[in-house]
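Student: take this sequence and fold it.
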Amino acid sequence: MRVPAAFAIAVALPATAAAQTTWVEIADQATVAPLSRSVDRVDDMDVYDASGKKIGEIEEVLGQDADTASALTVDFDDDAGYGGRDNVIVPLEMFQLDGERLILSADAEAMSSMEVWED
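Tutor: The predicted model follows:
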């Protein structure tokens with residue numbers, strides 16, 4: 001049995017729309033629990049790769065609600081090998097805090113498919 005293309009598209013579109021996450025900015029005084037830092041302290045932190053090379057900077061702290069941080073946006077440096085992309089949304093579990101250094105555990109290829117924050 002063949003399914004008409006229009007029907008297949010109509011069925012698939014709601015699933016695609018539902019897959020997108022709605023992000024909100026987290027207030028500066030809130031805490032980014034996994035990093036034990038306030039949003040204000042995390043904003044503008046430099047981001048490093050596993051080798052210790054600076055690759056970008058944090059621009060925003062985001063969550064799916066106004067109280068719980070779950071992602072950071074990164075502005076990647078043009079010469080870091082990450083395509084110089086800005087406002088890339090990266091889940092918190094991809095970061096590790098090493099003293100005052102924020103280490104990103106994902107490579108440029110993984111970042112190329114990440115969503116971009118449109119503020």
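Student: scan the protein for its longest strand.
Tutor: strand 54-65 (DSSP state E).
Student: packing partners for that one?
Tutor: Counting by 3 or more CB pairs under 8 Å, 6 or more residues apart in numbering; DSSP states H and E, the packing neighbours recorded for strand 54-65 are strand 24-25, helix 39-42, strand 46-48, strand 68-76, strand 101-104. In this view, the C-beta of every residue, glycine as well, is placed from N, C-alpha and C.
Student: how about the fourth one: buried residues?
Tutor: By neighbour count, and taking 16 or more other CB atoms under 10 Å as the criterion, the buried residues in strand 68-76 are Ala69, Ser70, Ala71, Leu72, Thr73, Val74, Asp75, Phe76.
Student: partner strands of that strand and their direction?
Tutor: Partners of strand 68-76 in the sheet, by DSSP bridges, are strand 54-65 (antiparallel), strand 88-91 (antiparallel).
Student: in CSV: the ones you listed, plus distance to Asp44.
Tutor: Formatted as CSV, the strands paired with strand 68-76 follow (distance: least, CB to CB, whole Å):
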stretch, distance to Asp44
strand 54-65, 6
strand 88-91, 15
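Student: nearest to Pro34, of these?
Tutor: strand 88-91 (10.1 Å; CB to CB).
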